[in-house]
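Asker: Next comes the sequence, and after it the predicted model I'd like to discuss.
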Amino acid sequence: MAKILVVDDSKADRTLVEGLLTRTGAHEVIQAGNGVEALSRMQSAFPDLVLTDLHMPQMTGIELVRALRFDHPEIPVILMTGQGSEEVAAESLKAGAASYIPKRRMSEHLLEIVQQVLCTAQGQQSRAHLMHYMDGTKTRFRIPNDLRVIRLAVDLSLNMLRSMRLADETERLRVGIGLREALENACFRGNLEMDQTGGNSGTREVLISERRHQRPFCDRWINFEIQIDRQSARFIISDEGPGFDVQQMMTNADESIDPRYRGLVLMHSVMDHVEFNETGNQVTLIKHCASTDEEMIYSEDPEPAGT
């Protein structure tokens, strides 16, 4: 059972979020009314994840993200954004938040996003010390339209990233979230062509299940290439669907914080370079090694086994 700290100055909103998180019995929720109280609770509660509002007295959501990244880089933070918070949310993602969710979409997407971040964080925290010593690698996969396999691919990528200096564990987690969004985008919006599909989540799940076994959808694969060395990581993800209008897709992502474009927002916030091909069915994501100063501040050489 995951322990989640919910931070919001509105008691009604905290109660709503707690109800959504605990109805499945998979999460334990503790509450804090502002950022200062949240930092105090961290000393004894040791949550697996923090879910915080942006606009709060005493300490804003952005300030809390920065404080948690400094003191607890291993604990991911998800932002709850209100109407008109697009620019602030983007700033918070750059400050180190793992993901975000608009408050108006809580009932639809909260559990999904929380589970996504928790799965990525838990996989990242179990990596072997050996990966610190990897000098370079290049790997290619053809992945089916299966979330379980996508999660394994993300876990492997994060394992490989331990050979790089990416400032801290928070940054590795954020890269993992961005990768997972890109791979799921290739699966659902690319190969299964779910972009224009409406309806509730139950209807969508049924349609996804059907399309995974129908032609032409079932014949399509996700191509995933990983290139990592001590200087940078390059991820090339392509699907076999019809592609997208890249310019229109980027315009929509810039003008909205709609969950449909969360992947694009996260990719651009986390990665140093994001480039789509002309047809929109391939994206190249590049993350560079941290600078020397960041490396000294955030990273330490792993101790050899047995010391």
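Answerer: Received the coordinates, thanks.
Asker: Run through the bridge partners of residue 52.
Answerer: residue 7, residue 79 (DSSP bridges).
Asker: can you pull the pLDDT of it?
Answerer: With respect to pLDDT, residue 52 has a value of 93.
Asker: could you check the distance from it over to residue 6?
Answerer: 8 Å (CB to CB, to the nearest Å). C-beta: built from backbone N, CA, C; applies to glycine.
Asker: Next: residue 65.
Answerer: For residue 65 relative to residue 6 (CB to CB), the value is 15 Å.
Asker: Now do the helix or strand residue 155 falls within: distance to the chain's middle.
Answerer: Secondary structure assigned from DSSP states H and E places residue 155 in helix 147-161. Offset of helix 147-161 from its chain centre (CA atoms, centre = their mean, to the nearest Å): 12 Å.
Asker: Could you give me the buried positions within it?
Answerer: 149, 150, 151, 153, 154, 155, 156, 157, 158, 159, 160, 161 (16 or more other CB atoms under 10 Å).
Asker: Now the element after that helix, going C-ward?
Answerer: helix 169-185.
Asker: can you map out the strands along the stretch 1-150 of the chain?
Answerer: 2-7, 27-32, 49-53, 77-81, 99-102, 136-143 (DSSP state E, counting those that start in this stretch).
Asker: and of the ones you listed, who's closest to residue 240?
Answerer: Ranking the strands of the stretch 1-150 of the chain by proximity to residue 240 (CB to CB) places strand 136-143 first, at 9.8 Å.
Asker: Quickly run through the sheet partners of that closest one, with directions.
Answerer: Counting by DSSP bridges, strand 136-143 is paired with strand 222-229 (antiparallel).
Asker: Quickly note the distance from the closest residue to residue 223 other than its chain neighbours to residue 181.
Answerer: Spatial nearest neighbour of residue 223, excluding adjacent residues (CB to CB, 6 or more residues apart in numbering): residue 238 at 4.6 Å. Counting by CB to CB, the gap from residue 238 to residue 181 is 15 Å.
Asker: For this protein, which segments count as helices?
Answerer: 11-22, 35-45, 61-71, 86-95, 106-124, 147-161, 169-185, 201-211, 246-255, 262-270, 292-298 (DSSP state H).
Asker: got a markdown table for those, with distance to residue 234 and mean pLDDT too?
Answerer: Shown next, in a markdown table, are the helices of the chain (distance: least, CB to CB, whole Å; pLDDT from 0 to 100):
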| stretch | distance to residue 234 | mean pLDDT |
| --- | --- | --- |
| helix 11-22 | 36 | 92 |
| helix 35-45 | 35 | 88 |
| helix 61-71 | 25 | 88 |
| helix 86-95 | 21 | 74 |
| helix 106-124 | 19 | 82 |
| helix 147-161 | 11 | 88 |
| helix 169-185 | 12 | 88 |
| helix 201-211 | 29 | 81 |
| helix 246-255 | 19 | 64 |
| helix 262-270 | 13 | 81 |
| helix 292-298 | 20 | 42 |
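Asker: tell me the most buried of the ones you listed?
Answerer: Highest mean neighbour count of these: helix 169-185, a mean of 25 (counted as mean count of other CB atoms under 10 Å).
Asker: what helices or strands is it leaning on?
Answerer: With contacts taken as 3 or more CB pairs under 8 Å, 6 or more residues apart in numbering; DSSP states H and E, helix 169-185 sits against helix 106-124, helix 147-161, strand 232-238, helix 262-270, strand 282-288.
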